[in-house]
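In: Here's a sequence, model it:
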Amino acid sequence: MKLDVLCIGEPLLEFNQIPDDVKNTYRSGFGGDTSNTAIAIARQGASSGFLSKVGNDYFGRQLLELWQRENVDCSHVAQHPEAPTGIYFVTHDAGGHHFSYYRKGSAASHLTPEDVPVEFLAQTRILHLSAITQAISTSSCETAFAAINCARKRGVRISYDTNLRIKLWSLEQAREVIHCTVPLCDVLFPSLDDVTALTGLKEPAAITDFYLNLGAKLVVLKQGAQGVLVADGKQSKHIPGHTVQTVDATGAGDAFDGAFLSEWLRQDDPFAAAKYANAAASISTTQFGAVDSIPKRAAVEAFLGR
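Out: Purely as a prediction, here's the structure:
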């Protein structure tokens, strides 16, 4: 039986600030963009797996238990004997949510090309990763490209989120690596903020054209509350966002990716998948936490009135 989506990346423990008068209360949870996506896929009823490394520590064991509870295949997650599991803090103010990371030298940054499970990957329909996977270390970047090349040789589709994090690498390095990855992608998930920094372009149609011309087969441009623009070179369609009471947008883009991929596999229609994913991402912003906020299929279907 084929796995629907294998995700590669760095899982993290999350400490999310809970708004109160003194702002010193933090709720623990889980994060890491591609881990969030793997969980979102599973919650939509598709099958997902995760490739990574965690520390041989309490946080690493918590993550392994999380994936098992969420029915995410973690048979290819190893525990590093010395490197720790990364953590991050989320704080909130009038300007939105802000991240502080403690991940240098994390277990996931020790991924190597030898960790790519060739036979397992060959039985996967889609490989999903992000630029964060490439940014955390040289060896992790090499692993990402090794997995992509392995997948492409075996007919596995590639899904890629630009997820630009300038704190992890320079803009110049990010641009070089991301734009080398784009031509290898079957579906690209850039955000408007990311690609404006990477290209200087601000008009959504110009951005999707740029990345289609660079070689991506399908571009799904995420624009936050404004929705998404989906373009495949033949047609382009804007899918509007939803008005909700947002309290925490942490992980909304990851929830979108997972919901899109699961629905794309289900319907083979990127525009219908984007509509479904928009709803899932909107729901996710109404709760705190990157993982706790990810809705299950029943909630998304109800939101859409199906």
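
In: can you give me the helices in this protein?
Out: 33-43, 58-69, 118-122, 131-135, 138-153, 171-181, 192-199, 204-214, 252-267, 270-284, 297-303 (DSSP state H).

In: so which of the ones you listed gets nearest Arg27?
Out: Among the helices of the chain, helix 58-69 comes nearest to Arg27, with 14.0 Å by Cβ to Cβ. (Glycine included, C-beta is placed from N, CA and C.)

In: Provide the contact partners of the closest one at residue level.
Out: 11, 13, 30, 35, 38-39, 50, 54, 73-74, 77, 79, 84-85, 87, 107, 291 (Cβ atoms under 8 Å, 6 or more residues apart in numbering).

In: what's the average pLDDT for that helix?
Out: Across helix 58-69, pLDDT averages out at 97.

In: Tell me the helices and strands packed up against the helix or strand of the chain with the lowest mean pLDDT.
Out: Every helix and strand in the chain was compared by mean pLDDT, DSSP states H and E; the lowest is strand 96-102, with a mean of 83. Here strand 96-102 touches strand 86-93, going by 3 or more Cβ pairs under 8 Å, 6 or more residues apart in numbering; DSSP states H and E.

In: buried sites along stretch 68-79?
Out: 70, 72-74, 76-79 (16 or more other Cβ atoms under 10 Å).

In: next one: stretch 51-58
Out: Buried, per 16+ other Cβ under 10 Å, within stretch 51-58: 51-57.

In: before we move on, back to that, looking at the buried residues of stretch 68-79, which one is closest to Asp161?
Out: Using Cβ to Cβ, these come closest to Asp161 at Val72, 17.5 Å.

In: outside of stretch 286-299, which residues touch it?
Out: 14, 16, 18, 27, 29-32, 36, 39-40, 43-45, 66, 244-248, 250-252, 254-255, 258, 280, 283-285, 303.

In: make it 6 Å
Out: Outside stretch 286-299, the residues that touch it by Cβ atoms under 6 Å, 6 or more residues apart in numbering are 14, 16, 29-31, 36, 39-40, 43-45, 244-245, 248, 250-251, 255, 280, 283-284.

In: how about Asp186, what does it touch?
Out: 157-158, 217.

In: about what we covered before: kindly compare burial across the helices of the chain and name the winner.
Out: helix 33-43 (a mean of 30; mean count of other Cβ atoms under 10 Å).

In: packing partners for it?
Out: strand 3-8, strand 48-55, strand 124-130, helix 252-267 (3 or more Cβ pairs under 6 Å, 6 or more residues apart in numbering; DSSP states H and E).

In: got a markdown table for those, with distance to Cys141 and mean pLDDT too?
Out: Formatted as a markdown table, the helices and strands packed on helix 33-43 follow (distance: least, Cβ to Cβ, whole Å; pLDDT from 0 to 100):
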| stretch | distance to Cys141 | mean pLDDT |
| --- | --- | --- |
| strand 3-8 | 11 | 98 |
| strand 48-55 | 14 | 98 |
| strand 124-130 | 10 | 99 |
| helix 252-267 | 20 | 97 |
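
In: Figure out which of these is closest to His97.
Out: The nearest among those, by Cβ to Cβ, is helix 252-267 at 10.0 Å.

In: thinking again about what came up before, out of the helices of the chain, which gets nearest to Leu3?
Out: The nearest among the helices of the chain, by Cβ to Cβ, is helix 118-122 at 7.6 Å.

In: Which residues does Leu12 form beta bridges with?
Out: Gly31, Gly86 (DSSP bridges).

In: Assess the claim that it and Gly32 are in contact.
Out: Yes: if you go by Cβ atoms under 6 Å, Leu12 and Gly32 touch, sitting 4.2 Å apart.

In: Can I get stretch 236-243 in PDB? Just the C-alpha atoms.
Out: Extracted in PDB, the C-alpha atoms of stretch 236-243 (Å, rounded to 0.1, in the frame of the first residue of the first chain):
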ATOM      1  CA  SER A 236      -5.200  30.900 -13.000                       C
ATOM      2  CA  LYS A 237      -7.900  31.300 -10.300                       C
ATOM      3  CA  HIS A 238      -8.100  33.400  -7.100                       C
ATOM      4  CA  ILE A 239      -9.700  31.600  -4.200                       C
ATOM      5  CA  PRO A 240     -10.900  34.100  -1.700                       C
ATOM      6  CA  GLY A 241     -10.200  33.800   2.000                       C
ATOM      7  CA  HIS A 242     -12.700  33.500   4.900                       C
ATOM      8  CA  THR A 243     -13.500  36.000   7.600                       C
END
